[in-house]
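[1] Sharing a model prediction with you, sequence too.
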Amino acid sequence: MRLRNISGSRDVIANSPYVVKEAQQYRGNWADVFGNTNPVYVEVGMGKGQFLHTLASLHPECNYVGIEKYSSVLLRAIQKLEADELSNIRLLRMEAEEIVSVFGKGEAAGIYLNFSDPWPKDRHAKRRLPSAEFLARYDEIVADGGKIEFKTDNRALFDFAVEELARSAWKAEVITYDLHADEKLMQGNVMTEYEEKFSAAGSRICKYVLVRR
Ligand code: SAM
């Protein structure tokens, strides 16, 4: 997702209390950012933030951090938050490749990947957010017992993600190729923007939940 460059978005981001600037300084100290020691869940590639926003409203006992690389997209997430004033959500404008510079060992309670960019060319496989390279980064920052959840409508990307598990510290606890047809897995399912769009268009949604081996 990349939106037209919106003038003033950099200023809005710079002045928003929801956006953590120079986040590396909080590595190991996210409790200081939130003012509590509640678990911190991270969505990598959050887009306009609908999923995280809904989770933060439903679970005030947890903290949520959204990572997004484009200012124009982050701006949309900020605008929505300013209407609701949630205290348990923060946003980072950054490349997810740098995630281990922002979270310390075991500092994330879990990771969400939703409708990640497919990067279809083989030479770009390492950029895919569920690649083995990224799974190793998540392994550094996810707490014991923490999970990685991934949803996508893109079957090729999902098949790739499942194959990558063999080169990782993770195994699938749950796996489905048609989430919306599974009544049990749909309990408590929070829809992302892309999920709403693609499921309404008839696409099947794949999902896995990973735990450490
Ligand atoms: N998660 C949202 C959803 O399900 O509706 C948005 C999905 S959108 C296809 C993927 C988002 O991830 C885009 O906004 C994109 O800019 C962001 N993204 C992709 N790769 C990223 C990376 N390496 N670091 C940070 N953000 C990334």
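    Perfect, thanks for sending it.

[2] Near the ligand, which residues of the chain are found?
    When proximity is defined as Cβ under 6 Å from any ligand atom, the chain approaches the ligand at 1, 45-47, 67-70, 73, 95-97, 114-117, 192-195. C-beta: built from backbone N, CA, C; applies to glycine.

[3] hmm, which of those residues are the buried ones?
    The neighbour-count criterion (16 or more other Cβ atoms under 10 Å) marks 1, 45-47, 67-69, 73, 96, 114-116, 192-195 among the residues of the chain next to the ligand as buried.

[4] For N88, grab the count of nearby residues.
    When counting by other Cβ atoms under 10 Å, one arrives at 20 neighbours for N88.

[5] switch to numbering from 847
    Happy to do that; since the first residue is 847 now, the last one works out to N934.

[6] ok, it - contacts?
    N934 makes contacts with 880, 884, 902, 905-906, 908-910, as judged by Cβ atoms under 8 Å, 6 or more residues apart in numbering.

[7] Those: which two are farthest apart?
    Using Cβ to Cβ, the pair of those lying farthest apart is F880 and H905, separated by 12.9 Å.

[8] the more surrounded of these two?
    Between F880 and H905, counted using other Cβ under 10 Å, F880 has the larger neighbour count: 18 against 15.

[9] count of residues packed around the closest residue to the more buried one other than its chain neighbours?
    Taking Cβ to Cβ, 6 or more residues apart in numbering, and ignoring the residues beside it in sequence, F880 has N909 as its nearest neighbour in space, at 4.7 Å. The burial metric for N909, expressed as a neighbour count using other Cβ under 10 Å, is 24.

[10] ok, back up a step: mind listing which of the buried ones among the residues of the chain next to the ligand are in strands?
    With strands identified by DSSP state E, the entries of those that belong to them are 913-914, 960.

[11] No further queries at this time; thank you.
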